[in-house]
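Chemist: fold the following and give me the result.
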Amino acid sequence: MTALALGFAALVGGIVVVGSLRTGNFPGELQRHAWLTLATTVLEQALVPLWGATLASWLAVVRIAPRLDGEWRTLALGIAGLAALWFAPVGAFCFEAWTPSSARDIAATLALCAGGVSAALLLPRWAFGFLAPGALA
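Modeler: This next block holds a predicted model:
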C-alpha cells in the first residue's frame, strides 16, 4: 500500500507543479489544503478500498488457478482485470466524493484507479525477487 500512496502523492505533486509552471503562481495555503483534502479523500474512498479488494481477490484466485500467477503477462492482466472489475462496487459504495457526469468520466476514473492500483500491486513483485511471478501460486 506504500507504493500506492507514494505513487499517488507523486501524481498529485506533479499536477500541482505543472499547474504552477503554467500559471506562474505556486498554490497558497488554502489551495494546498484543498489539494491535500482532495488527495486524502480519493486515497481513502477509492484507491485503498480498490487496492484491498484487488489484492484479496487475487490471493483467492491464485489459490484456485495458480497458473495465473506464473508469468508476468498473466499476472499483470489478471491484476488489472480484477482492479477494473472491483471499480464498479468500490465507486458505487465507497467513493462518495465522486459524481461522474458522463461515460467519459467513468472510463477515465476507471483507467486511473485500476492502473494505479495495478501498478502499486505489481511494483513490489517486480522489485523484490521473493515476490516474483509464481511466488504466490
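
Chemist: quick check: pLDDT value at the closest residue to residue 3 other than its chain neighbours.
Modeler: In space, and not counting its chain neighbours, residue 3 is closest to residue 120: 4.3 Å by CB to CB, 6 or more residues apart in numbering. Glycine gets a C-beta too; all of them are placed from N, C-alpha and C. Listed pLDDT for residue 120 reads 93.

Chemist: now residue 120: how far from residue 100?
Modeler: Look at residue 120 and residue 100: by CB to CB, to the nearest Å, they are 23 Å apart.

Chemist: which one's more surrounded, the two?
Modeler: residue 120 (24 against 14; other CB atoms under 10 Å).

Chemist: which SS state does residue 96 fall under?
Modeler: coil (DSSP: H, G, I helix; E, B strand; the rest coil).

Chemist: you'd agree it is up against residue 45?
Modeler: Yes. Residue 96 is in contact with residue 45 according to CB atoms under 8 Å; the separation is 6.0 Å.

Chemist: so these two - more neighbours on which side?
Modeler: residue 45 (18 against 11).

Chemist: need the three-state assignment for that one.
Modeler: Using three-state DSSP, the structure places residue 45 in helix.

Chemist: how about it, nearest residue that isn't a chain neighbour?
Modeler: That would be residue 95: by CB to CB, 6+ apart, it lies 4.7 Å from residue 45.

Chemist: distance from the centroid: which residue in the chain tops it?
Modeler: Distance from the C-alpha centroid of the chain, by CA atoms, centre = their mean, peaks at residue 24 (30.1 Å).

Chemist: in the helix ranked longest in the chain, what counts as buried?
Modeler: The residue-count maximum for a helix in the chain (DSSP state H) belongs to helix 103-127. Judged by neighbour count (16 or more other CB atoms under 10 Å), helix 103-127 contains these buried residues: 109-110, 113-114, 116-123, 125.

Chemist: any idea which helix or strand of the protein has the worst average confidence?
Modeler: When each helix and strand of the chain is scored by mean pLDDT, DSSP states H and E, helix 2-23 comes last, with a mean of 85.

Chemist: mind giving me the packing neighbours of that one?
Modeler: In terms of contacts (3 or more CB pairs under 8 Å, 6 or more residues apart in numbering; DSSP states H and E), helix 2-23 is packed against helix 29-42, helix 103-127.
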